[in-house]
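J.: Here is my input; please provide its structure:
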Amino acid sequence: MNIDLNADLGEGYGAWRMGEDEALLELVSSANVACGFHAGDPLIMTRTVQTALARGVDVGAHVGFPDVQGFGRRVMQVDTEELSAMVTYQLGALAGIARAAGHRMTHMSFHGALGNMAAADAALAAPLVRAVAAFDPALIISSSSSRAIEDAAAASGLRVATTFLADRAIGDDGLLVPRKLPGAVIHEPAAVLERVRLLLAEGVVITHTGRRLAMRPHSILVHGDTPGAVTLARAVRQAVEQAGGRVLPISRQLSAG
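T.: Residues are numbered from 1 along each chain as shown. Presented below is the predicted three-dimensional model:
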């Protein structure tokens, strides 16, 4: 069993740091790099990509709303045409920085409120995914379980790598539970690891209501801004290896697909 271990990184801004990126880059196989809209800036992006390259870690664009103050987790009402242009803009920023550093961008993901909206709304997912395909049809979309994004990707000829967010509760429909609801974010490391072990052993996730939901993800995500993220990422990696699995970037898993 091959599975990617990834984290959202590069989410500081200017002199303000967010998370322990250097330590996480020793553990993960893929990094989702903020592109300056919800977090990050050109220098942070450059340093994150350079460190990822040195560690043999894949990089992807983590695309969000233009909302640094709200960390991209607030819903914004933006015209779809403008949102699509914002997606292209952020993809171009990271692709350019990666190219200058001698690295390459292999994937992308939607961040925060933008990701939640696209995952639940086929009418929004379709144009955003088309923007990704127009930019680079070889990019892989890394996404939590979402019929809307999966169908949009299929229509655009893009590959999707389903990602299990280890510290986020999901509903019976497979979508992430909104952060405003109790229990949406799982803070207890032991509970997160229990979810990971069940997923690895049985291909099952327990939903927010207690139901067993089948899931066979390509990737497991640990949020880089979560307290104790490094310790948790190390424990998740150990759980994968103890289950007989191998941590491998999604680009290498799907290279033949």
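J.: Can you tell me the element Leu5 falls in?
T.: Leu5 is part of strand 2-9, with elements assigned from DSSP states H and E.
J.: roughly how far is that strand from the heart of the chain?
T.: 8 Å (CA atoms, centre = their mean, to the nearest Å).
J.: Return the set of buried residues in that strand.
T.: Buried residues in strand 2-9, defined by neighbour count with 16 or more other CB atoms under 10 Å: 3-9. In short, each C-beta sits where N, CA and C put it, glycine included.
J.: ditto for stretch 38-58
T.: Those would be 38-40, 44-53, 57-58, for stretch 38-58 by 16+ other CB under 10 Å.
J.: which residue ranges form the strands in the stretch 1-150 of the chain?
T.: 2-9, 30-34, 58-63, 105-110, 140-143 (DSSP state E, counting those that start in this stretch).
J.: Of all those strands, which one is nearest Ala134?
T.: strand 105-110 (12.6 Å; CB to CB).
J.: which intervals of the protein have sub-threshold pLDDT?
T.: Scanning the chain for pLDDT under 70 picks out 255-257.
J.: quick one on the thing from earlier: tell me which two in the buried residues of stretch 38-58 are the farthest apart.
T.: The most distant members of the buried residues of stretch 38-58, if one measures by CB to CB, are His38 and Leu53, lying 23.1 Å apart.
J.: okay, the strands of the stretch 1-150 of the chain in a markdown table with distance to Pro178 next?
T.: Compiled in a markdown table, those are given as follows (distance: least, CB to CB, whole Å):
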| stretch | distance to Pro178 |
| --- | --- |
| strand 2-9 | 18 |
| strand 30-34 | 20 |
| strand 58-63 | 19 |
| strand 105-110 | 15 |
| strand 140-143 | 17 |
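J.: so which of the ones you listed gets nearest Ala184?
T.: strand 2-9 (16.5 Å).
J.: now the angle between strand 30-34 and that closest one, please.
T.: For strand 2-9 against strand 30-34, the angle by axes from the mean of the first three to the mean of the last three CA atoms, to 10 degrees is 20 degrees.
J.: List the beta-bridge partners for the most centrally placed residue in the chain.
T.: In the chain, the centroid-proximal residue (CA atoms, centre = their mean) is Ser109; its distance is 5.1 Å. Listed by DSSP bridges, the beta-bridge partners for Ser109 are His62.
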